Each structure stands twice: as structure tokens, then as C-alpha cells.
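Trainee: Sequence below, structure please.
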Amino acid sequence: MVSRKQFITRSGLLALAGSFGIKAFSSSRTQQKKNPFSIMAAPAVIATWDNRKATQSTMQKIMDGKSALDAVEAGARVPEADPDDMSVGYGGLPDRDGNVTLDACIMDYLGNCGSVTYLQHIMHPISVARLVMEKTPHVMLSGRGALRFALDNGFNKENLLTERAKAAWQEWLKKNNYSPEIDKHNHDTIGILAIDKLGNIAGACTTSGRSYKMHGRVGDSPIIGAGIFVDNEVGGACATGLGEYVMKTLGSFLIVELMRNGRTPQDACEEAIHRIAKKINGFNANQVGYLAINKKGEHGAYAIKKDFSYALFQNNENKKLESDYYVR
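Mentor: Have a look, this model is predicted:
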């Protein structure tokens with residue numbers, strides 16, 4: 001039987017705990033709430049657009065026992081070095097002054113991240129971003145500072161403007177119409193998310209930005225929480241399309257937080273697009289596409305308009321898929 005003194009003492013402790021927002025419970029009678037994301041998924045890789053070469057490279061690293069971080073870096077380097085991919089790296093379309101300027105970021109399962117913006121003359125900005133994460137106390141380096149950092153760390157200075165990209169830019173100069181259409185023929189960003197054999201997740205995002213942009217413009221791709229976001233307790237998300245829309249709504253962070261609160265990856269991607277539609281006038285003049293994957297290996301994809309494709313490597317199958325979309 002509990003004495004009056006014991007009752008008063010226990011009541012006082014409970015009240016004190018409540019005042020600090022602490023939940024009091026009996027460990028012998030109350031079980032802690034189970035983490036809904038605790039089930040370990042098999043390795044999986046997802047990437048914006050039809051980047052099956054990138055997802056192949058990413059998955060190969062995972063199968064070789066590499067971490068998700070190593071894997072997404074390797075995957076992003078594939079389109080960065082491809083002169084026929086005019087969305088990033090070597091062969092990327094230039095700004096309106098004819099300069100190829102690159103943005104990239106990378107994020108690991110511990111929440112560490114690195115980023116570069118407005119980087120010129122370096123073929124692999126994703127690898128520079130990783131070194132920013134690992135060798136500096138900073139998250140982001142930009143412009144000449146990012147270039148100097150890259151050169152100091154052994155990267156070579158190169159001409160990234162291919163003859164094909166130069167010809168496209170010169171043709172654009174005749175029209176001088178700053179309204180590039182982002183679709184399956186002219187997209188702008190490579191985002192990759194991967195879950196490795198240990199169930200850890202990492203993400204990478206790399207781009208040459210919007211074609212014929214104003215010199216100095218930076219989009220969402222190198223911004224943690226906009227172009228990409230990873231939380232190892234929940235999952236990750238990445239974006240492609242018009243970066244200004246993504247930055248105004250912080251879409252990748254939003255998607256991860258929605259998943260944390262019980263939404264499926266698909267529901268979360270759809271809500272992020274709905275947020276753009278609600279907040280931005282004339283949103284349907286441009287494209288944004290989101291991808292997400294949770295720790296269970298479930299994925300989602302959604303875009304403003306049709307023609308947003310993505311690559312998914314899961315269950316020993318590397319395939320191209322088409323995203324559902326908002327504007328019909």
C-alpha cells in the first residue's frame with residue numbers, strides 16, 4: 001500500500017517531468033514505440049532521368065562492398081564525364097556568356113555534407129564537394145575559392161565547353177530567348193539516392209544548371225534540403241527541374257519530414273509538388289520532378305508535368321520508369 005508521503009512524492013516527480021515535456025513510464029510495463037523505419041531494405045539505387053549507366057555504376061560499388069557514399073559519388077561521376085550528357089560536367093550547356101559553371105552536393109548517412117557552387121573548369125564537381133565535406137570545416141565553397149580548393153587537391157583544370165554545347169549556345173544567341181524547356185530532351189540535374197548493404201543511405205546531386213542562365217546564377221542542386229536531403233532514420237529525397245521553385249519550397253527536406261511523419265515516399269513527393277502549385281504563381285510554365293526512397297526501400301516519384309523519367313535499380317533489375325504528374 002502506498003503511503004500518503006510516497007503518493008505526494010511520486011505525484012511531484014510526475015508533475016516536474018511533465019513541466020519539461022518528459023514522458024514518464026514504467027519500463028517494466030510500457031514498451032517503447034517501435035521505429036517504423038527499422039526494417040533494413042535490400043540495396044537500392046534511384047536517380048533522376050534515364051541515368052541507368054549511373055545507377056549501374058552506383059549499384060556495382062554497393063555490390064563490391066562499398067558504402068552508399070562511395071557509391072553515389074561514383075554514380076554521379078558517370079554523367080559528369082559524358083560529353084553527350086549536356087546537363088552536367090563535361091559537355092554541360094553554358095550560361096548566357098558561354099561559361100560552363102557547375103554545382104554539386106553530397107550527403108552521407110551521418111548527416112555530413114559538402115557542396116560546391118559556381119565551379120568552373122573541373123569535370124567532377126561531386127568529388128570536390130565530397131572533399132569539402134571531408135577536408136574542411138565548411139559545407140559549401142563557391143566560385144574561385146572552390147576552384148582553388150579543387151586545384152590544391154589534385155584536380156586538373158579543363159575546358160568543359162564541348163563543340164556540341166558551344167554550337168547550341170551560339171544558336172541560342174541568335175534568338176536570345178531565356179526560356180529553356182526542361183523535359184526528357186533538355187533536363188538539368190542528376191540526383192542519386194542509394195541504400196547500401198548495411199542499410200545506410202547517401203545522396204548526391206550534380207548539375208551544370210539551367211542552360212543559358214545569367215552568369216553567376218546558382219540553383220537548388222548544391223543546397224542541402226533543396227536539391228537533396230538524407231536522414232538515415234527515415235530516407236532521402238532529391239529534385240530536378242527549375243531550381244528556383246525547389247528553393248522556394250525546400251522540397252527535398254519537406255519530403256523527408258513528411259516521410260518521418262508517416263507519409264509514403266509517393267505521398268510525400270506529391271505533397272511537395274502540390275506545395276509548389278499552391279505557393280508559386282504560374283508554376284506550370286516549368287518542370288520540377290522529385291524522387292524519394294525510405295529506409296524500407298519503398299520509393300516515390302512525382303512531377304509538375306509529364307516526361308519526367310527516372311532510373312531504379314532494385315531487386316537485381318535496373319530499369320527506366322515514368323513518373324506520374326500534376327498538370328493534366
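Trainee: going forward, measure contacts between C-alpha atoms and count neighbours the same way
Mentor: Fine.
Trainee: give me every residue that touches Q314.
Mentor: The contact partners of Q314, by C-alpha atoms under 8 Å, 6 or more residues apart in numbering, come to A42, P43, A44, V45.
Trainee: Most neighbours out of those residues, which is it?
Mentor: Highest neighbour count within the contacts of Q314: V45, with 32 neighbours (other C-alpha atoms under 10 Å).
Trainee: Export stretch 79-86 to CSV, keeping only CA atoms.
Mentor: Extracted C-alpha coordinates of stretch 79-86, given in CSV (Å, rounded to 0.1, in the frame of the first residue of the first chain):
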residue,chain,number,x,y,z
PRO,A,79,27.2,11.6,-66.4
GLU,A,80,29.7,14.3,-65.3
ALA,A,81,32.3,12.7,-67.6
ASP,A,82,29.9,12.1,-70.5
PRO,A,83,30.1,14.7,-73.2
ASP,A,84,26.8,13.6,-74.6
ASP,A,85,25.0,14.4,-71.4
MET,A,86,24.5,18.2,-71.7
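Trainee: Can you report the mean pLDDT over the residues of the host helix or strand of A301?
Mentor: Assigned by DSSP states H and E, A301 falls within strand 299-303. Averaging pLDDT along strand 299-303 gives 98.
Trainee: got the buried residues for stretch 258-275?
Mentor: Using 16 or more other C-alpha atoms under 10 Å as the test for burial, stretch 258-275 gives 258-260, 264-273, 275.
Trainee: How about the residue nearest to the spatial centre of the chain: what's its closest non-neighbour residue?
Mentor: Ranked by distance to the mean C-alpha position of the chain (C-alpha atoms, centre = their mean), the top residue is I228 at 2.4 Å. Spatial nearest neighbour of I228, excluding adjacent residues (C-alpha to C-alpha, 6 or more residues apart in numbering): C238 at 4.3 Å.
Trainee: who touches the closest residue to I224 other than its chain neighbours in this structure?
Mentor: If the residues on either side of it in the chain are set aside, I224 comes closest to C105, at 7.3 Å by C-alpha to C-alpha, 6+ apart. C105 sits next to 113-116, 126, 129-130, 204-206, 221-224, 228 when contact means C-alpha under 8 Å, 6+ apart.
Trainee: between those, which is closest to I195?
Mentor: Nearest to I195, judged by C-alpha to C-alpha, of the contacts of C105 is A204 at 12.3 Å.
Trainee: I'd guessed that closest one sits against A76; true?
Mentor: Yes - if you go by C-alpha atoms under 8 Å, A204 and A76 touch, sitting 6.8 Å apart.
Trainee: ok, now which ones touch the closest residue to G227 other than its chain neighbours?
Mentor: Counting by C-alpha to C-alpha, 6+ apart, S221 is the residue found nearest to G227 once chain neighbours are left out, at 4.2 Å. Applying C-alpha under 8 Å, 6+ apart to S221 gives the contacts D103, A104, C105, T189, C205, T206, T207, G227, I228, A239, T240, G243.
Trainee: got the buried residues for the strand holding A301?
Mentor: Buried residues in strand 299-303, counted by 16+ other C-alpha under 10 Å: H299, G300, A301, Y302, A303.
Trainee: Redo the residues you listed as CSV? Include distance to A68.
Mentor: What follows is the buried residues of strand 299-303, written out as CSV (distance: C-alpha to C-alpha, whole Å):
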residue, distance to A68
H299, 17
G300, 19
A301, 21
Y302, 24
A303, 26
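Trainee: And M133, which helix or strand is it part of?
Mentor: Element membership for M133 (DSSP H and E) is helix 125-135.
Trainee: what's the answer for L147, then?
Mentor: Under the criterion of DSSP H and E, L147 resides in helix 143-152.
Trainee: Give the buried residues for the helix or strand just after that helix.
Mentor: Sequence-wise, the next helix or strand downstream of helix 143-152 (DSSP H and E) is helix 163-175. For helix 163-175, burial by neighbour count (16+ other C-alpha under 10 Å) applies to A165, K166, W169, W172.
Trainee: do stretch 150-160 as well
Mentor: A150, F155, L160.
Trainee: for stretch 120-136, same thing?
Mentor: Residues of stretch 120-136 classed as buried: 120-133 (neighbour count, 16+ other C-alpha under 10 Å).
Trainee: Likewise for stretch 97-104?
Mentor: Neighbour counts over stretch 97-104 (16+ other C-alpha under 10 Å) mark G98, N99, V100, T101, L102, D103, A104 as buried.
Trainee: Need the residues that contact the one helix or strand M247 maps to.
Mentor: Per DSSP H and E: M247 is located in helix 243-249. Contacts with helix 243-249, where a contact means C-alpha under 8 Å, 6+ apart, come from G219, D220, S221, A226, G227, A239, A272, R275, I276, I280, F283, V288.
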